[in-house]
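Chemist: got a predicted model here, sequence first, then my questions.
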Amino acid sequence: MSLARVVFRLRVEEAIALAFLVPTTYLTFAAYFYAREAGVLGRRHPGGAVRLAVAVVCLAALGAARWLRPPSRAMQGLREVLPFLACILIYTNLHDTIGFVNPHDIHHVLAGLDRALFGVVPAVWAERFVGPGLTELMQFFYVGFVWIAPSTSLILLAARRWREFRTATLGVIVCFYLGYALYVVFPAAPPRLVLVYEFKRSLQGYPYLFSNLSARAFALLPVDSRAAFPSLHAAVSALALYYAWRYVRAWFWVLMPFALGLWASTIYLRHHYVVDLFAGWLLAPVAAWLAPRLDAWWGRRQQALGYETARGAEVSPTPRAAGDEPVATG
């Protein structure tokens, strides 16, 4: 069997996941052993092997969903949602390896751009508003990214609107992977690490609430994280809003205040420079444009080889004209 026949048996998002998983697996272990030999390991790469194992299990489950005959409804559903989980797991391993692959950091350039645009770094300026209550509110919005990112897709999935579900889901997944590639090309640590001596006030919230939950989550990441530019929090939430506007108009208005709160939280909590958000907002339309074209090209190759395309895949020579798009409901 030729390589093309093996590759195109997969969906495009599955193939992209494998393309990222193989090098990030190698780099995670290479960075681990390098740091260990250099005597700088400590807690720098916590949980990397566990995350890799979970990603492998996810992709193995995708393989089972593809090869099982006859495919059960549960396995079909699993195949729809696991690519999203796989790309999140790959993201966590990039935190371990970006600085190892490309040591040419640009975070001081980003801080300089913020100062040039605003006269200050907004993440530093915002500390004048720091208080336990506001910190908890911002942490609430920031943690909300976990559900904001897949929310529009899940609504479309529940409604069994397969074409729209695939468009929204693949757009988000492509956006993630484009962001990962840019992380490697433009490694940048967040303001909370780069400008640590400029901050005078601690982001102390209340015990057992969102700030405590967020602190535990960030304890799982290496201390020298390089994943600030572009902001995928800005890019993916903007895509969730865009697809909600196109397909589930009522959900757009529900989602909007949470997205605005999320964007504000990335600055208040010192995770991003404002230029990171600008880059994320520019990345979102690129992903929305690229995803359906990539899916159509992939689907045509699958059809030429006699393989079944993904449910809801658009395989026409060109994406639908704007006037032919489904009317938003709700």
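Modeler: Structure's in. What do you need? These figures come from a predicted structure and were not determined experimentally.

Chemist: in the helix or strand that contains Ile148, which residues are buried?
Modeler: When elements are assigned from DSSP states H and E, Ile148 belongs to helix 145-158. Of the residues in helix 145-158, 145, 148-157 count as buried by neighbour count, 16 or more other Cβ atoms under 10 Å. All C-beta atoms are positioned from the backbone trio N, CA, C, and that covers glycine.

Chemist: could you check how far Val124 is from Tyr273?
Modeler: Using Cβ to Cβ, to the nearest Å, we find Val124 at a distance of 10 Å from Tyr273.

Chemist: need the overlap of contacts for these two.
Modeler: Both Val124 and Tyr273 are contacted by Pro191, under the criterion Cβ atoms under 8 Å, 6 or more residues apart in numbering.

Chemist: who has more neighbours, these two?
Modeler: Set side by side, Val124 and Tyr273 show more neighbours around Tyr273, with 31 against 18, by other Cβ atoms under 10 Å.

Chemist: from Ala296, how far off is that one?
Modeler: On the measure of Cβ to Cβ, Tyr273 and Ala296 end up 36 Å apart.

Chemist: what's the answer for Thr25, then?
Modeler: In this structure, Thr25 and Ala296 are 30 Å apart, going by Cβ to Cβ.

Chemist: also Glu198?
Modeler: For Glu198, the distance to Ala296 - Cβ to Cβ - is 48 Å.

Chemist: of those two, who's got more company?
Modeler: Between Glu198 and Ala296, counted using other Cβ under 10 Å, Ala296 has the larger neighbour count: 19 against 14.

Chemist: mind listing what's buried along the helix or strand containing the more buried one?
Modeler: Per DSSP H and E: Ala296 is located in helix 274-304. For helix 274-304, a neighbour-count test (16+ other Cβ under 10 Å) marks 274-281, 283-284, 287-288, 291-292, 294-296, 298-299, 301-302 as buried.

Chemist: that helix packs against which elements?
Modeler: Helices and strands touching helix 274-304, by 3 or more Cβ pairs under 8 Å, 6 or more residues apart in numbering; DSSP states H and E, are helix 12-38, helix 107-118, helix 162-185, helix 232-247, helix 249-268.

Chemist: any buried residues in the shortest one, and which?
Modeler: Just to be clear, that refers to helix 107-118. If you call a residue buried by 16+ other Cβ under 10 Å, then helix 107-118 has these buried ones: 107, 110-111, 113-114.

Chemist: what about Glu14, neighbour count?
Modeler: Other residues close to Glu14 by other Cβ under 10 Å number 21.

Chemist: so Phe129 makes contact with Tyr268?
Modeler: Yes - judged on Cβ atoms under 8 Å, Phe129 makes contact with Tyr268 at a distance of 7.3 Å.

Chemist: so where's the protein uncertain?
Modeler: The model of the chain has pLDDT under 70 over residues 1, 28-78, 92-97, 99, 205-224, 316-330.

Chemist: want to throw the helices and strands packed on helix 274-304 into JSON lines with distance to Ile98?
Modeler: Output for the helices and strands packed on helix 274-304, formatted as JSON lines (distance: least, Cβ to Cβ, whole Å):
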{"stretch": "helix 12-38", "distance to Ile98": "9"}
{"stretch": "helix 107-118", "distance to Ile98": "12"}
{"stretch": "helix 162-185", "distance to Ile98": "5"}
{"stretch": "helix 232-247", "distance to Ile98": "13"}
{"stretch": "helix 249-268", "distance to Ile98": "18"}
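
Chemist: which of these sits most buried?
Modeler: Most buried of the helices and strands packed on helix 274-304 by mean neighbour count (mean count of other Cβ atoms under 10 Å) is helix 232-247; its value is a mean of 25.

Chemist: what is the orientation angle of that one with helix 162-185?
Modeler: Orientation check (axes from the mean of the first three to the mean of the last three Cα atoms, to 10 degrees): helix 232-247 against helix 162-185 gives 160 degrees.

Chemist: how far does helix 232-247 sit from the chain's center?
Modeler: 12 Å (Cα atoms, centre = their mean, to the nearest Å).

Chemist: export that helix to CSV, keeping only CA atoms.
Modeler: Taking Å, rounded to 0.1, in the frame of the first residue of the first chain, the C-alpha atoms of helix 232-247 are listed here in CSV:
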residue,chain,number,x,y,z
LEU,A,232,-4.6,31.5,20.8
HIS,A,233,-7.0,32.6,23.5
ALA,A,234,-7.8,35.6,21.3
ALA,A,235,-7.7,33.7,18.0
VAL,A,236,-9.8,30.7,19.0
SER,A,237,-12.4,32.6,20.9
ALA,A,238,-12.8,35.0,18.0
LEU,A,239,-13.4,32.0,15.7
ALA,A,240,-16.0,30.6,18.2
LEU,A,241,-17.8,34.0,17.9
TYR,A,242,-17.5,34.1,14.1
TYR,A,243,-19.0,30.6,13.7
ALA,A,244,-21.7,31.4,16.2
TRP,A,245,-22.6,34.5,14.2
ARG,A,246,-22.8,32.5,11.0
TYR,A,247,-24.7,29.4,12.3
